[in-house]
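1. Please work out how this folds:
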Amino acid sequence: MSVLAFAGSNSSASINYQLVTYTVSMIENHNIRRFDMSGKPFPMYSMDRERDDGIPGEVTGFLDEIRNAAALIIAVNEHNRNFSAYFKNLIDWLSRADRNFLAGKQVFLMSTSTGQGAGRNSLSLALKTLPRFGATITATFSLPSFGQHFSPAEGGITDAELRAAHRKALDTFLEELS
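-> Model (predicted):
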């Protein structure tokens, strides 16, 4: 089964992308395609641009990646209690190219942040938004205080309870793919 994994952040130091990378390292027997969004500068959506230039090639290329995947792992970052402008812009473009761009896709939705909130506002918003485009959210996980609870040198999530909760959510997602 093919799984596309990415973070809703275009930062080269994205902690959400680090969470994605950790998560996919635990998956076996599936074809994983990790997509680093830091190298994907999508133009800012506007009706004028769409009318004058159509859907940009970068967007249609990413839409093809989504269409070729059976499932998605997405970690959404949070800016000011909302999606990042980057992720919202991506959703705007994708939904203009295909209103049901997530139809038939099972999604493991995650978030993390440097604070105790763990990006839960953005996660909650994604839980409401992504199904409108056809997604089925099969599991969720949020990791609070990333710097305190995650260490690449120590193998990822360092808190035993959070590590177990992440594993349980990942297993739920993978069971739904079977």
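
2. give the contact list for residue 130.
-> 74, 102, 107, 109, 137 (Cβ atoms under 8 Å, 6 or more residues apart in numbering). All C-beta atoms are positioned from the backbone trio N, CA, C, and that covers glycine.

3. so is it in a helix, a strand, or just coil?
-> helix (DSSP: H, G, I helix; E, B strand; the rest coil).

4. any idea how far it is from residue 21?
-> 21 Å (Cβ to Cβ, to the nearest Å).

5. ok, now residue 112?
-> Distance from residue 112 to residue 21, by Cβ to Cβ: 12 Å.

6. Which residue of the two possesses the greater neighbour count?
-> Set residue 112 next to residue 21 and count neighbours by other Cβ atoms under 10 Å: residue 112 wins out with 31 against 17.

7. what helices or strands is the single longest helix found in the chain leaning on?
-> For the chain, the longest helix by residue count, based on DSSP state H, is helix 160-177. Applying 3 or more Cβ pairs under 8 Å, 6 or more residues apart in numbering; DSSP states H and E, one finds that helix 160-177 contacts strand 71-75, strand 106-112, strand 136-143, strand 156-157.

8. where's residue 35 relative to residue 177, distance?
-> Residue 35 is 18 Å from residue 177, by Cβ to Cβ.

9. Show the low-confidence segments of the chain, by residue range.
-> Residues of the chain meeting the criterion pLDDT under 70: none.

10. Could you tell me which residues make contact with the residue sitting furthest away from the middle of it?
-> Most distant from the centre of the chain: residue 52, at 29.6 Å, with distances by Cα atoms, centre = their mean. By Cβ under 8 Å, 6+ apart, no residues touch residue 52.

11. re earlier: so the longest helix of the chain versus strand 106-112, what angle?
-> With axes from the mean of the first three to the mean of the last three Cα atoms, to 10 degrees defining the directions, helix 160-177 sits at 160 degrees from strand 106-112.

12. Mind listing what's buried along helix 160-177?
-> 162, 163, 166, 169, 170, 173, 174, 177 (16 or more other Cβ atoms under 10 Å).
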